[in-house]
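J.: below is the sequence, then the predicted model.
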Amino acid sequence: MTASAVIDFPSSGTVTFPSDSELRLSTDLVNPRWAPVLVLDGVYTGLLPESRKSFAITGYYLSYHPGQTVQVRLSLTGNLPEDVSPGRDLLSVQELDSGKNILKTARLDLPAIPATAAPAPAKTPLPKITTPKRTFTPIPTDTTTPASPQEVSAGVLAITAAALLAMRRR
């Protein structure tokens, strides 16, 4: 399975992302392979690829002055686990502050595995199975002063990601 995502960082406030925070990405895919790319004002810079369930991108790589366009583009490849029960993540993205407190979260569930049809005679073609397209719902942002410490964030993280899923039989 392959998923692609784009994470946009708005340039409202004093910086695009707090330099002492981090963006944590994780998945429940088996043998995941991440290929993150930082896009700054249209210039693509490949970040180190990862081959583990989760990894973090420090705010140092995401913190820029207002007016600059910052994105992280991801390609995530891996195998579906045997258990694709609800609550398992294809992709989870969290913003953590300097104390490792979770400020924002966005996630995308693993797709359900379609039921396979019984074997058909050799001359009868099998029906084509399609995988539904899934998209992230943007995290609502609020630029006003939060009411409680749990809502406090030095920067606003807006995630808009599109996941294109393609199942491959191996």
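T.: Yes, it's here.

J.: any weak-confidence spans in this structure?
T.: 113-170 (pLDDT under 70).

J.: quick one, strands of it?
T.: Taking DSSP state E, the strands of the chain run over residues 2-9, 22-26, 30-40, 43-46, 54-58, 70-79, 89-96, 102-109, 134-135, 162-163.

J.: redo the ones you listed as TSV? Include distance to Val15 and mean neighbour count.
T.: Backbone N, C-alpha and C define where each C-beta goes, glycine included. What follows is these, written out as TSV (distance: least, C-beta to C-beta, whole Å; neighbours: other C-beta atoms under 10 Å):
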stretch	distance to Val15	mean neighbour count
strand 2-9	9	20
strand 22-26	14	20
strand 30-40	13	16
strand 43-46	18	10
strand 54-58	13	16
strand 70-79	10	18
strand 89-96	13	20
strand 102-109	15	17
strand 134-135	27	14
strand 162-163	25	16
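
J.: what's next to stretch 36-53, contact-wise?
T.: With contact meaning C-beta atoms under 8 Å, 6 or more residues apart in numbering, stretch 36-53 is reached by 25-28, 31-35, 57, 61-62, 64, 68-74.

J.: equivalent analysis for stretch 58-71, please.
T.: With C-beta under 8 Å, 6+ apart, stretch 58-71 has contacts from 6-9, 11-23, 38-42, 47, 72, 155.

J.: wait, isn't Leu90 in contact with Leu29?
T.: Yes. Contact criterion C-beta atoms under 8 Å: Leu90 and Leu29 qualify, at 7.0 Å.

J.: tell me, what's touching the two both at once?
T.: With C-beta under 8 Å, 6+ apart, Leu90 and Leu29 have common neighbours 1, 76, 110.

J.: quick check, nearest of these to Gly99?
T.: Taking C-beta to C-beta as the measure, Gly99 lies nearest Leu76 of the shared contacts of Leu90 and Leu29, at 27.6 Å.

J.: any idea how far the closest one is from Asp28?
T.: Using C-beta to C-beta, to the nearest Å, we find Leu76 at a distance of 11 Å from Asp28.

J.: between the two, which contacts overlap?
T.: In contact with both Leu76 and Asp28: Leu90, using C-beta under 8 Å, 6+ apart.

J.: returning to that earlier point: make TSV from the shared contacts of Leu90 and Leu29 and add distance to Ser98 to it.
T.: Shown next, in TSV, are the shared contacts of Leu90 and Leu29 (distance: C-beta to C-beta, whole Å):
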residue	distance to Ser98
Met1	34
Leu76	27
Leu110	31
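
J.: what separation is there between the nearest residue in space to Val93 that is not next to it in sequence and Thr14?
T.: Spatial nearest neighbour of Val93, chain neighbours left out: Ala106 (4.9 Å); criterion: C-beta to C-beta, 6 or more residues apart in numbering. Computed as C-beta to C-beta, the Ala106 to Thr14 distance reads 23 Å.
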